[in-house]
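>>> need the 3D shape of this:
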Amino acid sequence: MGNLTLKSVSKSFGQVNVLKGIDLEVKDGEFVIFVGPSGCGKSTLLRSIAGLEDITSGQIVIDGKEVSAVPPAKRGIAMVFQSYALYPHLTVRDNMGLGLKQAGTPKAEIESRVQEASALLSLDPYLERRPAELSGGQRQRVAIGRAIVREPQLFLFDEPLSNLDAALRVQTRLEIARLHRRLKATMIYVTHDQVEAMTLADKIVVLNAGRVEQVGSPMELYNRPDNLFVAGFIGSPQMNFIDVDRLGESGYKTLGVRPEHMSLSRDSGQWSGKVIHVEHLGADTIVYMESEKAGLLTVRLFGEHAYAPDDVVYASANNGTTHRFDANGKAMR
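Below you'll find the model as predicted:
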């Protein structure tokens, strides 16, 4: 239950090709996250899986059944949107059970499923309230509960946390992670937030301009990016990229080193330069420096450090942490 296979899935809007031959395997029980910049096709791909968009070509297979021409209601999926899409005049209980009621599910079964989902999401105290009486996080939990009661083969999440403030995002992220472990359900989740992707996913799919750049676990993408795009997209602050021509080296085009894999000294190091800005974050200190040889570099230091603009400093890459890319942007192993 919950296996998904995409075979050469393409989607065009007129002359614009939004999805360009997507191939993907999602195993039963996996938590898979689509990430990528705005316009990369991640939401269109999710909506295509849901049946809310008709694909131009290719196949969508759920549990061995080709569903490309099957209407959304019969695909065995449930979707949680960025907007909560709750009916304001209905109670939490009725919002959660409405889809089952419309499907003709017996009243006793609706009540049982709603009660079970409510307990799972800690919504029992709010069942008789209406959406206007709930916080944003509570409304999102109701939307998730509405999906749970349908007992779908696939849960699809389209940027479900983007309307929440920072504290609620963290809290709801933990709730979704806990929910996945308890339900052992297959979940596909779209986000532009790489922190969500790195902390929630079993597998991340990095999309760019309608194509899959790389698929792997969070740490596989972090430690072994296939190309410059993935290397720059995964990780915050972004990986430093140094044009090798500036360093006088050869055999590759670009040297990559993550800010957290660099050290800083006032005495000596690989690249000298001048500090142009410092971010004191308490747990970390982010130092931006301009180096004549390496260009603009970002260094992330653990803890508090007393660097200031105009300080002369030396940055060095830690041994064994650099990445090399050829002239086409491909990683050189």
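>>> and the lengthiest helix in the chain, what does it pack onto?
If you go by DSSP state H, the chain has its longest helix at helix 166-183. If contacts are counted by 3 or more C-beta pairs under 8 Å, 6 or more residues apart in numbering; DSSP states H and E, helix 166-183 sits against helix 136-148, helix 194-200. In this view, the C-beta of every residue, glycine as well, is placed from N, C-alpha and C.
>>> with just CA atoms, put the last one into CSV.
These are the backbone C-alpha positions of helix 194-200, laid out as CSV (Å, rounded to 0.1, in the frame of the first residue of the first chain):
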residue,chain,number,x,y,z
GLN,A,194,15.3,23.1,3.0
VAL,A,195,15.2,22.9,6.8
GLU,A,196,11.9,21.1,6.5
ALA,A,197,13.3,18.8,3.8
MET,A,198,16.5,18.0,5.8
THR,A,199,14.6,17.3,9.0
LEU,A,200,11.6,15.4,7.8
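>>> and the next helix or strand past it?
Next helix or strand after helix 194-200 toward the C-terminus (DSSP states H and E): strand 203-208.
>>> avg pLDDT for that following strand?
Throughout strand 203-208, pLDDT has a mean value of 97.
>>> residues touching that strand, excluding its own?
24, 26, 30-37, 40-42, 45, 197-198, 212-218, 221, 229-230, 233-234 (C-beta atoms under 8 Å, 6 or more residues apart in numbering).
>>> tell me the strands beside it, with direction?
strand 31-35 (parallel), strand 211-216 (antiparallel) (DSSP bridges).
>>> most tightly packed of those?
Stretch with highest mean neighbour count among the strands paired with strand 203-208: strand 31-35 (a mean of 24; mean count of other C-beta atoms under 10 Å).
>>> show the subsequent helix or strand relative to the helix or strand that contains T298.
Using DSSP H and E, T298 sits within strand 295-302. Heading C-terminal from strand 295-302, the first helix or strand you meet, by DSSP H and E, is strand 312-317.
>>> quick check: angle from that following strand to strand 295-302?
Angle of strand 312-317 versus strand 295-302, following axes from the mean of the first three to the mean of the last three C-alpha atoms, to 10 degrees, is 80 degrees.
>>> how far away from the center of its chain is strand 312-317?
Remark: strand 312-317 is offset 33 Å from the chain centroid, using C-alpha atoms, centre = their mean, to the nearest Å.
>>> stretch 187-200 now?
2 Å.
>>> use 71 as the first number from now on
In the new numbering, first residue 71, that becomes stretch 257-270.
>>> can you list contacts of that stretch?
So stretch 257-270 is in contact with 74, 96, 100-108, 112-113, 115-116, 119, 224-232, 239, 243, 246-247, 250, 271, 274, 288, 292, 303-306, going by C-beta under 8 Å, 6+ apart.
>>> filter the residues you listed down to the buried ones, ChimeraX style.
Buried residues among the contacts of stretch 257-270 (16 or more other C-beta atoms under 10 Å), as a ChimeraX selection:
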select :74,96,100,101,102,103,104,105,106,112,113,115,116,119,224,225,226,227,228,229,230,231,239,243,246,250,271,274,288,292,303,304,305
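>>> quick one on the thing from earlier: which one of the strands paired with strand 273-278 lies nearest to Y196?
Nearest of these to Y196, taken as C-beta to C-beta: strand 101-105 at 26.2 Å.
>>> circling back: name the strands paired with the strand holding T368 and say parallel or antiparallel.
When DSSP bridges is applied, strand 365-372 pairs with strand 354-361 (antiparallel).
>>> average pLDDT for the strand it pairs with, rounded please.
97.
>>> now do stretch 229-249
Stretch 229-249 comes out at a mean pLDDT of 84.
>>> can you give the distance from stretch 343-353 to the centre of its chain?
Going by C-alpha atoms, centre = their mean, where stretch 343-353 is centred and where its chain is centred differ by 28 Å.
>>> ok, for V382, nearest residue in space, not its chain neighbours?
K344 (5.8 Å; C-beta to C-beta, 6 or more residues apart in numbering).
>>> what are the contacting residues of the strand or helix carrying that neighbour?
Take DSSP H and E as the rule and K344 turns out to sit in strand 341-350. Contacts to strand 341-350, defined as C-beta under 8 Å, 6+ apart, come from residues 355-364, 366-367, 374, 377-386.
>>> could I have the buried ones of these as PyMOL selection syntax?
Only the buried entries of the contacts of strand 341-350 go into this PyMOL selection, using 16+ other C-beta under 10 Å:
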select buried, resi 355+356+357+358+359+361+364+367+377+381+383+384+385+386
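>>> select the helix or strand of the chain having the lowest average pLDDT value.
Within the chain, no helix or strand scores below helix 314-317, which has a mean of 81 by mean pLDDT, DSSP states H and E.
>>> list the contacts of the nearest residue to V96 once chain neighbours are set aside.
Distance criterion C-beta to C-beta, 6+ apart; nearest residue to V96, sequence neighbours excluded, is L74 at 4.0 Å. L74 sits next to L94, E95, V96, I119, I130, V131, I132, L224, T256, I258 when contact means C-beta under 8 Å, 6+ apart.
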